[in-house]
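# what's the 3D shape of this:
(2 chains)
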Amino acid sequence: MSKSLFQKVWEAHTVRTLAGGQTQLIIGTHLIHEVTSPQAFGMLRDLGLKVLMPHRTFATVDHIVPTDQFNEPYADPLADAMIKELRRNCREFGITFFDRATGRQGIVHLVGPEQGITQPGTTIACGDSHTSTHGAFGAIAFGIGTTQIRDVLATQSMAIGRLKVRRINVTGRLQPGVYAKDVILHLIRRLGVNGGTGYAYEYGGEVFDRFSMEERMTVCNMSIEGGARVGYVNPDATTFAYLKGRPYTPAGAEWEAAVARWRAMASDPGCAYDDAVDFRGEDIPPTVTWGINPGQGIAINETIPDPAKVTAADEKASIEEALAYMKLTPGAPIKGTRIDVAFLGSCTNGRLSDFQEVAKYLPGRRVAPGVKAIAVPGSQGVGLLCASLGIDRVFRDAGFEWRDAGCSMCLAMNPDKLIGDQLCASSSNRNFKGRQGSPTGRTILMSPLMVAAAAVTGQVTDAREVFGMSNAST
Amino acid sequence: MSLEKITTVAGRGVYVPGNDIDTDRIIPARFMKCVTFDGLGEFLFHDVRKNPDGSDQPHPLNDPRFKGATILLSGANFGCGSSREHAPQAIQKHGFRAIIAESFAEIFFGNCIALGIPCLGASRAEIRNLAAAIEGRPSLEITIDVDRGKVRFAGQTVKGALRESAREALIKGRWDAIGDLLEGVEGVKNVAAGCPIWQFDLCAGRESDKKMNPFAAPGVYPRNLLP
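The predicted structure is shown next:
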């Protein structure tokens, strides 16, 4: 019988069915960071439990690290206490910690893939909703809470109900100037911010076949913004080429055997899905958000929704609430909206290819007067690669601040924050109220190149026009 | 592990209207700079309850009529976004014992059940009806029968939706899964030993990791991966 990857992985990792009907599922790889793990270690101590398989948990520090201060103690004593607590926990329980001094630190969702820890056909858990990122490799990766982190530490397993699987096909080709970020913003706009509740999303079709691993990661990363706890792409030659030679991937004779095993985990042709939806790549425009959740998106050439033209009471109320917060005018073009800050980074778009793509277009440009623009590599590895390619210089020359690796302004648990009601063109994943650190701060989500276009013009704009790309008519 | 069997929750309610209320709004990220969950209750919904100068904004949780409420009512997709358990922890530490909403985000729902917070789904009309009853009489006693999935108030009964696994866990006092999971540890070891996909992952990496001592030098990155 043909099976989906989800089904194969689920079956291979099932220990037993628990009394209430949930599955005790083995977690092959556990990733932790400083924000959601300290309480879990506290619970272990309270219960007198040990970490069952310490070599299967990996730690890094990302949310609270200042991106402009390397040496400790950090200016923020709370942040300083958190990094030291993680260090203490890793030492006490024998967990590998990619600390800042290792050169391998970064946002947890970049570190796993870079180190080759993220592998196809495995189960992965991390106390972070963007754990869905790792699904790009054909892993089933769950964001979990702190109590579940404790469960995984103590038992290398967790209790979870089985998800349904929705196949999302994106056929054809993307137009020039349309990126993976636009694909996922478009999908969430169409399927809804809670359309994926209860589902794992399997992404496929020609657009995904052609995507690089980094592009696949961008899409899988934001699955949770569409309500899907899990998103994945079947492993293929692109996946294996990315993984080969990484520190934690098999080598030598084991490599070929691993590839054969991984390949066999991919969904079988003709397998059944609980649901399937199709999109045409050609129909996907550069997309930006106008509201306070990632599903509130429009094409760059569309106008901001007008609640007066909406009859459904619910939708009307949510548009009104969003526009009141965003201080945007109903019915006006989103193009031309003035920005204060441009942020390029995060686990969604803080990878090498994101900076490389922007660096193609930045030479000769300057960040517009009055705009604060920061570029933050998602990991020290990305930072190093950018430096070796001279990309950091391109950004600095254009007037961007170039920072050290971390989550930075995506969620502002560090000094990078919006002030007052500043409006930020952001390559991150959430435009929730207050997300970027100011209770009245405003976020417009977009692709990295659109962030660059906003940075150099001082307003939300069409990157295809600003940078003279073809097909700018759509 | 013996846990409380959560069969009924009774108390007063408060309605926080809105759909897609995310966990950043429930507990803003800056309050997560902590290594315990203590004291989070005070910051529940902080940025929509307080002005920057610390004064109160109009918000149901600031309304003295609803002080002491233990049942929280809201709209659709409650608890979406970040997986932070700080959100249900803040809700619980603020004094809430149960949530009734149109629907819940997946991770949030699981986090709540693991803390013994029943999350019941109900239709919009039913929630608005209950909210109106609370507005009319804030001291209204609401009883949630977790076992039967019923909400009772002022002589009315509303059918609430609760996933069977969650209902079972709450009423049997098994909502903290650690006891069950520990019982299955031998099974974990057996399945892990026989799981083909596990024969390859990480093992080879452990060797190369030794060669690449992570504490040796800053800026280590595999040379063959440089473009």
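# where do the helices sit along chain B?
Secondary structure of chain B (DSSP state H): helices at B:23-26, B:46-49, B:86-94, B:106-114, B:124-136, B:164-171, B:178-183, B:185-194, B:203-211.
# who wins for proximity to A:Glu114 among those helices?
With CB to CB, the closest approach to A:Glu114 among those belongs to helix B:203-211: 12.2 Å. In this view, the C-beta of every residue, glycine as well, is placed from N, C-alpha and C.
# how many neighbours does the residue of the stretch 201-350 of chain A found nearest chain B have?
Closest approach between the stretch 201-350 of chain A and chain B, counting by CB to the nearest CB: A:Tyr248, at 2.8 Å. Using other CB atoms under 10 Å in any protein chain shown, A:Tyr248 has 25 neighbouring residues.
# That one contacts A:Gly112, doesn't it?
No. Applying CB atoms under 8 Å as the test, A:Tyr248 and A:Gly112 come out as separate, 9.0 Å apart.
# where are the low-confidence patches of the chain?
Unless you meant another one, I'm taking chain A. Residue ranges of chain A with pLDDT under 70: A:471-474.
# look at chain B instead
B:1, B:196-227.
# Would you mind splitting it into its domains for me?
Following automatic domain parsing, chain B resolves into domains at B:8-176, B:181-225.
# want to try TSV for these, with mean neighbour count as columns?
Output for the domains of chain B, formatted as TSV (neighbours: other CB atoms under 10 Å in any protein chain shown):
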stretch	mean neighbour count
domain B:8-176	20
domain B:181-225	16
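# So which bits of the stretch 351-474 of chain A are right by chain B?
Within the stretch 351-474 of chain A, the positions adjacent to chain B are A:352, A:380-381, A:384-385, A:388-389, A:411-413, A:430, A:432-435, A:437, A:439-440 by CB under 8 Å from any CB of the partner chain.
# From the rest of the structure, what touches the longest strand along chain A?
If you go by DSSP state E, chain A has its longest strand at strand A:164-171. Applying CB atoms under 8 Å, 6 or more residues apart in numbering or on different chains, the external contacts of strand A:164-171 come out as A:4, A:6-7, A:183, A:187, A:196, A:198-208, A:228, A:273-281, A:284.
# which residues are in contact with the next helix or strand after that strand?
Per DSSP states H and E, the first helix or strand lying C-terminal to strand A:164-171 is helix A:180-191. Helix A:180-191 has contacts (CB under 8 Å, 6+ apart) with A:168, A:170, A:174, A:195, A:207, A:211, A:214-216, A:218-219, A:221-223, A:225-226, A:277, A:279, A:281, A:284-289, A:294-298, A:348-349, A:427, A:445-448.
# Just list what the very next helix or strand once past helix A:180-191 packs against, helices and strands only.
The helix or strand immediately downstream of helix A:180-191 is strand A:199-204, counting by DSSP H and E. If contacts are counted by 3 or more CB pairs under 8 Å, 6 or more residues apart in numbering or on different chains; DSSP states H and E, strand A:199-204 sits against helix A:5-12, strand A:164-171, helix A:213-221, strand A:230-233.
# May I have the third one exported as CSV, CA atoms only?
This means helix A:213-221. Output in CSV follows, covering the C-alpha atoms of helix A:213-221 (Å, rounded to 0.1, in the frame of the first residue of the first chain):
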residue,chain,number,x,y,z
MET,A,213,16.8,23.8,0.4
GLU,A,214,16.8,27.4,1.7
GLU,A,215,13.7,28.3,-0.2
ARG,A,216,12.0,25.1,1.0
MET,A,217,12.9,26.1,4.6
THR,A,218,11.4,29.6,4.2
VAL,A,219,8.0,28.0,3.2
CYS,A,220,8.1,25.2,5.8
ASN,A,221,9.1,27.8,8.5
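# packing partners for it?
helix A:108-115, helix A:180-191, strand A:199-204, strand A:230-233, helix A:237-243, helix A:346-349, helix A:352-361.
# need the contact list for A:Gly336.
By CB under 8 Å, 6+ apart, the contact set of A:Gly336 is A:Gln459, A:Val460, A:Thr461.
# how much space between B:Arg124 and chain A?
Using CB to the nearest CB, to the nearest Å, we find B:Arg124 at a distance of 8 Å from chain A.
# Tell me how far A:Arg56 lies from B:Gly13.
Separation of A:Arg56 from B:Gly13 (CB to CB, to the nearest Å) stands at 44 Å.
# Identify the residue spatially nearest to B:Pro118, adjacent ones excluded.
Distances taken as CB to CB, 6 or more residues apart in numbering or on different chains put B:Ala98 closest to B:Pro118, at 4.6 Å, once the chain neighbours are dropped.
# what are the bridge partners for the one you found, then?
B:Ala98 forms beta bridges with B:Ile71, as assigned by DSSP bridges.
# So A:Thr60 sits against A:Glu114, correct?
No. Between A:Thr60 and A:Glu114 there is no contact under CB under 8 Å: 10.4 Å.
# Tell me which of those two has more neighbours.
Between A:Thr60 and A:Glu114, counting by other CB under 10 Å, A:Thr60 is the more crowded of the two (30 against 27).
# Could you give the bridge partners of the more buried one?
Note on A:Thr60: beta-bridge partners by DSSP bridges are A:Phe98.
# do the longest helix seen in chain A and chain B meet at all?
Looking across chain A with DSSP H, the single longest helix is helix A:77-93. Yes. Residues of helix A:77-93 are located near chain B by CB under 8 Å from any CB, namely A:Leu78, A:Ala79, A:Ala81, A:Met82, A:Glu85.
# Tabulate those (TSV), appending distance to B:Ile144 and neighbour count.
Below are the residues of helix A:77-93 next to chain B laid out as TSV (distance: CB to CB, whole Å; neighbours: other CB atoms under 10 Å in any protein chain shown):
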residue	distance to B:Ile144	neighbour count
A:Leu78	37	14
A:Ala79	40	23
A:Ala81	39	18
A:Met82	37	26
A:Glu85	37	17
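# From B:Ile99, how far out is the residue nearest to the spatial centre of chain B?
Centroid check for chain B by CA atoms, centre = their mean gives B:Cys112 as the closest residue, at 3.3 Å. Per CB to CB, B:Cys112 is found 7 Å from B:Ile99.
# For those two, list the residues in contact with both.
With CB under 8 Å, 6+ apart as the test, B:Cys112 and B:Ile99 both reach B:Ile91, B:Pro118, B:Cys119.
# what would these look like in JSON lines with distance to B:Pro17?
Output for the shared contacts of B:Cys112 and B:Ile99, formatted as JSON lines (distance: CB to CB, whole Å):
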{"residue": "B:Ile91", "distance to B:Pro17": "16"}
{"residue": "B:Pro118", "distance to B:Pro17": "20"}
{"residue": "B:Cys119", "distance to B:Pro17": "17"}
